[in-house]
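# Just a sequence and a predicted model for now, questions to come.
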Amino acid sequence: ARFDPSSPGEAVAAALAEAAIAAEFAPAAAQLLAATLQTPLAVDGLRLNQLAPGSQIRELEFLFPIGVPDMPALAAAIGPGQGADGRLAERVARLTPQRAEGFLKGFIDLVFEHDGRLHLLDYKSNWLGPRFADYAEAQLAAAMAAENYDLQALLYAVALHRLQGWRRPDYDYERHGGSAWYLFLRGMGPEHPGSGVFHWRPSRQLVEQVDACLARQAGLLT
């Protein structure tokens, strides 16, 4: 399906009903939807309502094996200067996840192809303030770091890296690897390009190092 339904009001009403949300929120939801679809994501004017049906996958599920989490090793693979605040490795080193192993499963809100690259996108409803200025670059970076969304984005990037490596014989990250887009919906508006839009393209070296680290922890590499 396209992102520009012929009857957006009906689409919003149906979605609210399915989620058991009161119909009185439909006007606000429709306004939020319109702003999200029409706001330029990049300098080339890319908007969600321009994506063709065949260039997108919604709620892409991924699953890959993981070993007992070794956060210091993962932090070392990430290295300095990475993430929304340049301190992702430091934050990862402090994490204390459950000592479980098995499989890492997730769902990426949207994967889309643009200019030959496969991009990932995630929607966030975080309240950062009432003004568009509250959703500027610095504020978004702080929110990404506070919630470790940049770690999530990096894991998503690794999942797409693996998927493309399995399915594309000619796959090359520099040519086919896209960016991570995090849309903070409350701060988006077509009259404010860039507001509410966080964009990060992890380097090839970073993705490959984290991929190899996770593979070693799962026993896939020695």
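Good, I have the coordinates.
# which secondary structure elements does the longest helix along the chain contact?
Secondary structure assigned by DSSP state H gives helix 149-167 as the longest helix of the chain. On a contact count with 3 or more CB pairs under 8 Å, 6 or more residues apart in numbering; DSSP states H and E, helix 149-167 meets strand 56-66, helix 88-94, strand 102-114, strand 117-124, helix 137-146, strand 177-184, helix 204-217. In short, each C-beta sits where N, CA and C put it, glycine included.
# repeat that with 6 Å
With contacts taken as 3 or more CB pairs under 6 Å, 6 or more residues apart in numbering; DSSP states H and E, helix 149-167 sits against strand 117-124, helix 204-217.
# Kindly reformat the ones you listed as CSV and extend each row with distance to Val197.
Converted to CSV, the helices and strands packed on helix 149-167 look like this (distance: least, CB to CB, whole Å):
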stretch, distance to Val197
strand 117-124, 10
helix 204-217, 21
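# Figure out which of the ones you listed is closest to Leu37.
Relative to Leu37, the nearest member of those by CB to CB is strand 117-124, separated by 11.8 Å.
# thinking again about what came up before, take the helices and strands packed on helix 149-167 and write them to a markdown table, including mean pLDDT, distance to Phe132 and mean neighbour count.
Below are the helices and strands packed on helix 149-167 laid out as a markdown table (pLDDT from 0 to 100; distance: least, CB to CB, whole Å; neighbours: other CB atoms under 10 Å):
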| stretch | mean pLDDT | distance to Phe132 | mean neighbour count |
| --- | --- | --- | --- |
| strand 117-124 | 97 | 16 | 19 |
| helix 204-217 | 95 | 31 | 18 |
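# Outside of the longest helix of the chain itself, list whatever touches it.
Helix 149-167 is contacted from outside by 62, 83-84, 88, 108, 118, 120, 144, 171, 176, 180, 202, 207, 210-211, using CB atoms under 6 Å, 6 or more residues apart in numbering.
# Not counting residues beside it along the chain, what's closest to Pro202?
Once flanking residues are discounted, Pro202 sits nearest to Ala157: 5.1 Å by CB to CB, 6 or more residues apart in numbering.
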